[in-house]
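J.: here is my input, please return the structure:
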Amino acid sequence: MDRARELIEYLSQALRHPEVSGFELLEFLDVRSRLAVQEPLLSQSERSQLETFDRQLLQAAPSWLARMLEIGDVVEMRQRARALPSHWWWYLDEITPTKQLASTIAD
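T.: Numbers count the residues shown, from 1 in each chain. Here you go, the predicted structure:
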């Protein structure tokens, strides 16, 4: 599972560098989906790290969504990625309150 650890670390880096582009954010969402498929095989520590990433992603959702909207239609991106409904990270447009998003875009 060394590859899984590398991918989890890659996601952690994403949250440490909030200035990344919308295109890079799409890549992060794709990596998160790949890890979701492997989740039953991950160690407890790796699952814990992934849960931490998920919590931080939820907190960063308005800014991530704003950057993704700069490059295109989020619904279309989600469809192209063939995101499963259980992969909630692809649904930031549905879970981010409109007021919070408007505030982020205004900044």
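J.: every contact and neighbour count from this point should use C-alpha atoms.
T.: Will do.
J.: which intervals of this structure have sub-threshold pLDDT?
T.: Filtered on pLDDT under 70, the chain yields the residue ranges 1, 98-107.
J.: so what does the helix ranked longest in the chain touch, helix or strand wise?
T.: Identified as the longest helix of the chain according to DSSP state H is helix 44-71. In this structure, helix 44-71 packs against helix 2-16, helix 22-38, helix 92-95, helix 98-106, with contacts taken as 3 or more CA pairs under 8 Å, 6 or more residues apart in numbering; DSSP states H and E.
J.: out of these, flag the one nearest residue 53.
T.: The minimum distance between residue 53 and the helices and strands packed on helix 44-71 falls on helix 2-16, with 6.4 Å, by CA to CA.
J.: ok, back up a step: next, the angle from the longest helix of the chain to helix 22-38.
T.: Using axes from the mean of the first three to the mean of the last three CA atoms, to 10 degrees, one finds that helix 44-71 and helix 22-38 are set 150 degrees apart in direction.
J.: could you pull up the contacting residues of the residue nearest the centre of the chain?
T.: In the chain, the residue lying closest to the centroid (CA atoms, centre = their mean) is residue 29, at 4.1 Å. Residues counted as contacts of residue 29 (CA atoms under 8 Å, 6 or more residues apart in numbering) are 89, 90.
J.: ok, back up a step: select, out of the helices and strands packed on helix 44-71, the one closest to residue 81.
T.: helix 22-38 (7.5 Å).
J.: check the offset of the closest one from the chain's centre.
T.: 6 Å (CA atoms, centre = their mean, to the nearest Å).
J.: pull out the buried positions in that helix.
T.: 22, 25, 26, 28, 29, 30, 31, 32, 33, 35, 36 (16 or more other CA atoms under 10 Å).
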